[in-house]
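Q: fold the following for me, if possible:
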Amino acid sequence: MSAGTRARFLGLPSLKGKSPIVMLTAYDAPGAAAAAEGGVDVVLVGDSAATVVLGYTSTREISLDELLMLTRAVRRGAPDLPVVGDMPWGSYEKSDALAVRTARRFVDEAGCDAVKLEGAGPILPRVRAIVEAEIPVIGHVGLLPQAARTDADLKSKGKRAEEAVGIIRDGEALSAAGITLLVSEAMPPRVGAELAARVPIPVIGIGAGAGVDGQVLVFHDLLGLTAGHVPRFVRRYADLRSDAVTAIRAWCDDVRAHRFPQRREEYGMAEAEEERFTRLLDRQGIPGYQPDRGG
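A: Presented below is the predicted three-dimensional model:
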């Protein structure tokens, strides 16, 4: 973390009502560099890395050490961009001390400008403790992936009036606890818009409609790198997985047909040095490679 990126992050609330905030996940240095060059405002190293990068079946399976490793890579790839670390399941719920210790690791070891954690209610004391430790916090309401135990639990929230009001109340409580930004996931647009209207901090939506203060998507979803089910709220701006498969198949074909590598893809050796190399090998008296002089 640098003073510059911390200041840029803390300046994001001033954009509320003025300009939408653009957040994108990233999980490695090349992805973070692409996000920065593409013009995003802030990068989130999401626990979604569990499923889209590490091959787990749930976000609950990724460890703190794994996320810290990925976050360090993102910081190296985007040194001038605010970076947020997603605190994984089991790394903050049990106590204020644990929550602060985990948040501090994201800041000190990975260079984060802020941390994100899910939920309200019993999580509010953890939020307050981290804020009191002078570490900025992003909250998360609506669909909470870390709370999902099966795919059936990954459903939109707030379709019933009482549940929608509960989301608003959770957002208000988190705002009062001192968070800097709030992620709202998978809810009807009316609920997202009401939430954004009722809290003084920016609300970043992911499947929460257009009435919020910004948007976030998963890097691999946006670029078409994921296979299988795609959430309703995703818009694919590329089909890189298909392009990658096509390219890999073409390369495999070229290797098997002896079309790769060709001379333009090889390193040259001066003729005098090659002859000297041959003499040195001949002194060993062991037959070796016989070049194709006609090729």
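
Q: the stretch 151-295 of the chain: strands as residue ranges?
A: 181-185, 203-206, 214-217 (DSSP state E, counting those that start in this stretch).

Q: contact partners of the longest one?
A: It refers to strand 181-185. 12-13, 21, 114, 116, 138-145, 157, 167, 171, 174-175, 191-192, 195-196, 199, 201-208, 212, 216 (CB atoms under 8 Å, 6 or more residues apart in numbering). Glycine gets a C-beta too; all of them are placed from N, C-alpha and C.

Q: pLDDT below threshold where in the chain?
A: 1, 291-295 (pLDDT under 70).

Q: now do the contacts for the nearest residue to Val234 once chain neighbours are set aside.
A: Computed as CB to CB, 6 or more residues apart in numbering, the closest residue to Val234 that is not its neighbour in sequence is Asp221, at 4.5 Å. Asp221 is in contact with 52, 230-231, 234, 236, counting by CB under 8 Å, 6+ apart.

Q: helices along the stretch 151-295 of the chain, start to end?
A: 161-177, 189-198, 219-222, 240-256, 271-282 (DSSP state H, counting those that start in this stretch).

Q: helices or strands up against the fourth one?
A: Here helix 240-256 touches no other helix or strand, going by 3 or more CB pairs under 8 Å, 6 or more residues apart in numbering; DSSP states H and E.

Q: what about that helix, distance to the chain center?
A: Taking CA atoms, centre = their mean, to the nearest Å, one finds helix 240-256 lying 26 Å from the centre of the chain it belongs to.

Q: which other residues reach it?
A: For helix 240-256, with CB under 8 Å, 6+ apart as the criterion, the contacting residues are 223-227, 259-260.

Q: thinking again about what came up before, show me which of the contacts of strand 181-185 are buried.
A: 12, 21, 114, 116, 138-145, 157, 167, 171, 174-175, 191-192, 195-196, 199, 201-208, 212, 216 (16 or more other CB atoms under 10 Å).

Q: need the contact list for the nearest residue to Ala210 once chain neighbours are set aside.
A: Leaving out its chain neighbours, the residue that sits closest to Ala210 by CB to CB, 6+ apart is Pro189, at 6.6 Å. Residues near Pro189 by CB under 8 Å, 6+ apart: 208-211.

Q: now Tyr56
A: Neighbours of Tyr56 in contact, by CB under 8 Å, 6+ apart: 50, 62.

Q: just the one 3 residues further on next, same as before
A: Taking CB under 8 Å, 6+ apart as the criterion, Thr59 is in contact with 47-48, 50-51, 88-89, 145-146, 148.

Q: state the distance from it to Val43.
A: In this view, Thr59 and Val43 are 18 Å apart by CB to CB, to the nearest Å.

Q: also Glu185?
A: 18 Å.

Q: of these two, give the one with the bigger neighbour count.
A: Val43 (28 against 24; other CB atoms under 10 Å).

Q: secondary structure class for that one?
A: Under DSSP: H, G, I helix; E, B strand; the rest coil, Val43 falls in the strand class.

Q: wait, it touches Arg76, no?
A: No: when contacts are counted by CB atoms under 8 Å, Val43 is not listed as touching Arg76 (11.9 Å).

Q: tell me, what's touching the two both at once?
A: Ala32.

Q: so what does the host helix or strand of Arg8 touch, helix or strand wise?
A: Element membership of Arg8 [criterion: DSSP states H and E] is helix 3-10. If you count contacts as 3+ CB pairs under 8 Å, 6+ apart, helix 3-10 packs onto no helix or strand.

Q: other residues contacting it?
A: So helix 3-10 is contacted by 41-42, 79-84, 113-114, 136, 180 (CB under 8 Å, 6+ apart).

Q: now distance to Arg101 and secondary structure too, for those, in TSV please.
A: Shown next, in TSV, are the contacts of helix 3-10 (distance: CB to CB, whole Å; DSSP: H, G, I helix; E, B strand; the rest coil):
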residue	distance to Arg101	secondary structure
Asp41	28	coil
Val42	24	strand
Pro79	25	coil
Asp80	28	coil
Leu81	26	coil
Pro82	22	coil
Val83	19	strand
Val84	18	strand
Asp113	18	coil
Ala114	16	strand
Pro136	17	coil
Thr180	20	coil
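
Q: surely Gly139 meets Gly171?
A: Yes: here Gly139 reaches Gly171: they are 7.3 Å apart, a contact under CB under 8 Å.

Q: what is in contact with these two at once?
A: Joint contacts of Gly139 and Gly171 (CB under 8 Å, 6+ apart) are 120, 182.

Q: and the closest residue to Leu12 other than its chain neighbours, what does it touch?
A: In space, Leu12 comes closest to Ile21 once its chain neighbours are excluded; the distance is 5.7 Å by CB to CB, 6+ apart. Applying CB under 8 Å, 6+ apart to Ile21 gives the contacts 12, 15, 41-42, 181, 202, 204, 213-215.
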